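In: quick one: sequence plus predicted model below, questions after.
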Amino acid sequence: MTDDTAVEIEYDHEIEGWADTRKKIRQSKMVVAGVAILGVFAVLTFIHPVLQATIWSSKPGVYRPETGHDPAISHPSGPTLDHLLGTDSLGRDVLSLMTYGLRPTFLVAVATAVSAGVIGLLVGTTSAYFRGKYDRVMTQVADAFVLLPPPLIFLIASKRGLLGPFALGLLYGLFFGFGPAAIVVRSRALSVMEKPFIDAARSVGGRPSWIITHHVVPHVIPHVAVVVLAGVVGALVTQGFVEFLGIAEYRYGLGNLVYNALTYRTALGTSVPWSALMAGALSISLLASSFYMISSGLREVTDPRRGSRRI
Amino acid sequence: MTRFVLRRVLWALVTLVLLASIAFFAVNLLLPFDFAVGVGQRPRAVEAIREQLGTDRPLVVQWLVYMANFVRADLGESYDGERVSTLVASVLPTTVAIFAVGGMVAYLLGEWIGRVVAWSRNRFFSGASSAGSVLLFTAFPPWLVFLLIYFGQDRLFQVRSWFGLDPKPFGPVPEGPLLNVLAVGLVAAFVGGILLRGWAWRNDRRVLGMLAIPIGLAAFVASLLSLGVWAAAIDRLLWPSAVVATIAIVLIAFGESMLVMRAGVSAEMTEDYVFTARAKALPERSIRDRHVAPNAVLPAISRLITSVPYLITGLIIIERELHLNGVASLFFQAIESGNTPIIIGILTIVGLLGLVLRIVLDAIQATIDPRIRIEGEAV
C-alpha cells in the first residue's frame, strides 16, 4: 500500500515538471513562431506529391520539377493563378521547384540533428563522467573541430564525389558533434555530475553506462536539443552553398534555385521576376531561422539563470 | 590575469598542433587526386616528381616531417615551390580586415541597438527587431550579396565619385604593401577606438566614449594623409567588392549580438540593483549603460565566440561570390590543382585566427568577470 503511494507521488511530480516546461515553451514566442514556420515548410514539402497527383495531374509535363515547361506563356513570368510563384527562365514552375527542393533540405536537417546529437551526447557525457586524460584529449579534439570551417571540408570532400543529402548532413553532424555539441554537452554534464544522485547511483554499484544513460543523459537532453538545432542552422546555410556551387549530387536543391535565378539575371540579362529570385533564398533563410528561433527560445526556457526572478 | 592568458595560450598551441594534424590527415585521405599525376605525363616522370615532393613516403612519415616543420612555424612549400606562408600572407589582409572590421562594427551596433530596444520595452520594436535580426543572421550569403549590389551599387559608385574615383568593376582588391598597411591600420583604428570607449565608460566620460570610434578612425585617416598615400588608400578602402563584403558580414553578425544583448538587458532590468539605482534617482541612461549593460555584455561576448565558425563560413561564401582575393580564392585554386600543402596551410591559418580571437574574447570575459579567471586557474 505504502509502496503504491510512493510511486504515485513520484509520478505526479514528474508530470508536473514536464507540464511546467511545456507551459514555458508554449509561452515562448520564439519557439511558437519557429514551430509555425517549420510547420508551414513541412506542409509544403509533403504537398508536392499531393499536388502532382491532384491539381497538377492534368498537365504533368508543365509542373514536373526539373524538366517541366509551360508552352502556353513566355518565360520567365511573374506570379499567375496557374503558377503561383511564376516560372523561371527555362519555363519551370517555381513553386514546384521550391517544394521539391525542400526534400534534400529536410533530409540534411534530420541527418545533421541526429548525427550531431548522438556524437555530442556520446563524447560530452563520457568525458564529463570519466574526466582525467580522456576528458583532456576530447576537449582538445573538440577545440580543434570547432576551428575547422565545414564549407572548406565540403569542398575537399566534393572532389571525391558529389555530395548527397545524407553525406552532407552526416559530415556536418560529425564536425558539429565533435565540436560545439560536445563542448556544450560536456559542460552541462559536468554540473550534473556534481549532483548527489550520481554519488547515490555510484554507491549502490551502478555501472558507468547505466549511470550515464539513466542519470546524466536525461538531464542534458534539453541542452542537446538547443545546441543541435543551432547546428542545423549552419548546416542549412552550408548546404545551400554546396548546392549553389553545384557540388551536390542533385540539381534541384534550394541553392540551385538561387544559383539559376542569379545567373540568368546576370549572365543573360533577362529580367527574372522577384518571385523566382526570392523563392529559393527566402526558403533557406526562413527554414534556417525557424530552427534558430526554436533553439534560442528553448535556450531561454532551459537556462536556469533566466528563471522567474521578478520583483 | 597574466597566468590565465598564459595558460590559455599554452593550451591553444596544443590545439593548433592537433588541428594541423587533423587537417593533414583529412586532406591527404579525402583529396583523391595526386599532384604528380596531374603534372607528370609518363609513369617515370610521375615517380620522379613524387620522390622530389616526398609524397612517395608513407603518410605517417610525411606527417612527422610536416609537424617537425610546423612546430618551427614553417608551413612548408607548395608543390609549385612557393612558400605556403608567403602565399597565405598575400591573401590574408583582405580577409582579416573584412572579418575584423565587419565583426567589430556588427558587435558595436548590436550591443547599442539591443540595449536601447530592451530598455524602451516597446513591444512593436522588440518584435520587429527580433524578426529582422533572425532573418539577417540566417540570410543566404550569395543572396544577401546580390541584394546589396542590386540596391547599393549606384550609391556606392556615387560615394566613389565624391572622392574623384572612377566606378570600378567588382573584383579583387589590388594587392601590394599598401593593402597590408591598410588592413593593419584599419583594424588597429577600430581596436583602439573600442579600448578608448571602454576606458571612457569606466571613467564616466560620456562624450569621449561616444567619440572614441570616430577618434580612432580620424587618427587612421590622419596617418594615411601624413604618409602621402591618401589617393591610393581611399581607392582601396572604397573598393566595391570589399565594401559589399564588409556590409554583408555586418548584417549577418549584427543580428545575433543584438538578440543576445537584448535578452541580457531585459533579464537584468528587473534585478534588485536596478531598483536601488532608481531609488537613488540615478538618470535612466546611467542605470542602463553603467549598471545593466556590463552585466549583459558577457553572454553577448560568449555567444560571439560560439558563432565565429558560422561567421567564417559566411565570409568564405561571400568572398567566393565577390571574387575577392581572400583566403577563399586561394583555397579554390589549391583544390583545383590538388596542391595539398596550401590547403592544409589555409585550414591551419584559419584555425589560428579563430584561436587568437577566442583567446582575446576569453581575456575580455576574464577581465569583466573575475569568476571566470578563478575557475580558469583552478582547472
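Out: Nice, thanks for sending it over.
In: wait, does the helix or strand where residue B:11 lies make contact with chain A?
Out: For residue B:11, the enclosing helix or strand under DSSP states H and E is helix B:2-30. Yes: contact between helix B:2-30 and chain A is present through B:11, B:14, B:15, B:18, B:19, B:22, B:23, B:26, B:27, B:30 (criterion: Cβ under 8 Å from any Cβ of the partner chain). For the C-beta atoms, the positions are set from N, CA and C on the backbone; glycine is no exception.
In: in a markdown table, list those residues along with pLDDT.
Out: Shown next, in a markdown table, are those (pLDDT from 0 to 100):
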| residue | pLDDT |
| --- | --- |
| B:11 | 87 |
| B:14 | 89 |
| B:15 | 89 |
| B:18 | 90 |
| B:19 | 89 |
| B:22 | 88 |
| B:23 | 87 |
| B:26 | 84 |
| B:27 | 85 |
| B:30 | 79 |
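In: can you flag the buried ones in these?
Out: Burial by neighbour count, 16 or more other Cβ atoms under 10 Å in any protein chain shown: within the residues of helix B:2-30 next to chain A this picks out B:11, B:15, B:18, B:19, B:22, B:23, B:26, B:27.
In: rewinding a little: the helix holding residue B:11 - contacts with which helices or strands?
Out: Helix B:2-30 is packed against helix A:132-146, helix A:150-158, helix B:59-70, helix B:340-368, helix B:370-378, with contacts defined by 3 or more Cβ pairs under 8 Å, 6 or more residues apart in numbering or on different chains; DSSP states H and E.
In: ranges for the strands of the chain?
Out: Since no chain was named, I'll use chain A. For chain A, strands defined by DSSP state E do not occur.
In: could you list the low-pLDDT ranges of it?
Out: Across chain A, the ranges flagged by pLDDT under 70 are A:1-18, A:266-271, A:303-311.
In: now the helices for it?
Out: Secondary structure of chain A (DSSP state H): helices at A:2-27, A:29-53, A:60-63, A:94-130, A:132-146, A:150-158, A:165-176, A:182-193, A:196-203, A:208-211, A:217-245, A:254-263, A:274-302.
In: any part of stretch B:171-185 near chain A?
Out: No: contact of stretch B:171-185 with chain A (Cβ under 8 Å from any Cβ) is absent, the minimum separation being 14.0 Å.
In: and the strand or helix carrying residue B:95, how far from the chain's centre?
Out: Per DSSP H and E, residue B:95 falls inside helix B:84-120. Chain-centre distance of helix B:84-120: 5 Å, with Cα atoms, centre = their mean, to the nearest Å.
In: so what's the closest residue in space to residue B:96 that isn't next to it in sequence up against?
Out: Of all residues not flanking residue B:96 in the chain, residue B:183 sits nearest, at 5.9 Å (Cβ to Cβ, 6 or more residues apart in numbering or on different chains). Each residue near residue B:183 by Cβ atoms under 8 Å, 6 or more residues apart in numbering or on different chains is listed here: B:93, B:94, B:96, B:97.
In: how far away is the second one from chain A?
Out: Taking Cβ to the nearest Cβ, to the nearest Å as the measure, residue B:94 and chain A are separated by 17 Å.
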